[in-house]
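Sequence first, predicted coordinates after that:
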Amino acid sequence: MAKNDNAHSLRLTDSLDRNAGHEAAVEFAGQYPLSKSANIEKKFQWAQAACQYLEERFDADAIVRIRKDCRCNDGKSIAAKLLKYLNKSDSIVAFVNTFNQNETFASLVYLSDNRLLFCYPECYCACVKRVPEELSRTWCYCTLGNAEGIFREVFQKDVKVSLLESIKSGGERCAIEVQW
């Protein structure tokens, strides 16, 4: 039996367990194991299969919930950077401008005093970024969990996040709308 010890696979299996039930998690892990020694092509193929599995079994809201809960990190280091700029700013516009003047890993676009875009100029997903092929948008919903955690920490309130564009699904950037 193939090993299923890759961090991406374990996170997705755990998210399925929490959001869709133990049976779905066991089924997925059994059908789509991924070893931590998998090469980039194997990881990409596994991600494609994971998207297909989710899309065949769950509605759009459930897919977003499952993938949001499958984020790679808690975003605390990014939140700390953002907080540094927010605390030095007297408005959201000043915050956005200061962040954009000092950071290149992401950018912010001001939409209103309680709405902005959080954008990545490239795909940062270790599982799929090095394969030039496109992938279902389903894969990219994990970034919503990341953004939600980051901006909940930054603004100290619940936020609503929406994926408007993703590089792996054909977009020019990854763009997440954040509302608070």
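Here it is on my side, so go on. Numbering: from 1, shown residues only.

Now residue 42: which helix or strand?
Of the helices and strands defined by DSSP states H and E, residue 42 is found in helix 40-57.

in the protein, which spans are helices?
With DSSP state H, the ranges of helices along the chain come out as 7-20, 22-31, 40-57, 60-68, 76-87, 92-102, 137-140, 142-155.

ok so, going back, what comes into contact with the helix holding residue 42?
6, 8-9, 12, 20, 24, 28, 31-32, 34, 38, 63, 66-67, 127-128, 130-131, 133, 135-136, 138-139 (C-beta atoms under 8 Å, 6 or more residues apart in numbering). To be clear about C-beta, it is placed using only N, CA and C from the backbone, and glycine gets the same treatment.

same thing with stretch 84-98?
Outside stretch 84-98, the residues touching it (C-beta under 8 Å, 6+ apart) are 99, 102, 108-110, 113-114, 116, 154.

farthest pair in the residues you listed?
Greatest spacing in the contacts of stretch 84-98, by C-beta to C-beta: 102 and 114 (22.8 Å).

returning to what we had before: could you redo the helices of the chain as TSV and give each row mean neighbour count and mean pLDDT?
Putting the helices of the chain into TSV (neighbours: other C-beta atoms under 10 Å; pLDDT from 0 to 100) gives the following:
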stretch	mean neighbour count	mean pLDDT
helix 7-20	19	97
helix 22-31	15	97
helix 40-57	17	98
helix 60-68	18	98
helix 76-87	15	96
helix 92-102	15	98
helix 137-140	22	98
helix 142-155	22	96
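
who wins for proximity to residue 121 among those helices?
Proximity to residue 121 (C-beta to C-beta) singles out helix 92-102 among the helices of the chain, at 11.6 Å.
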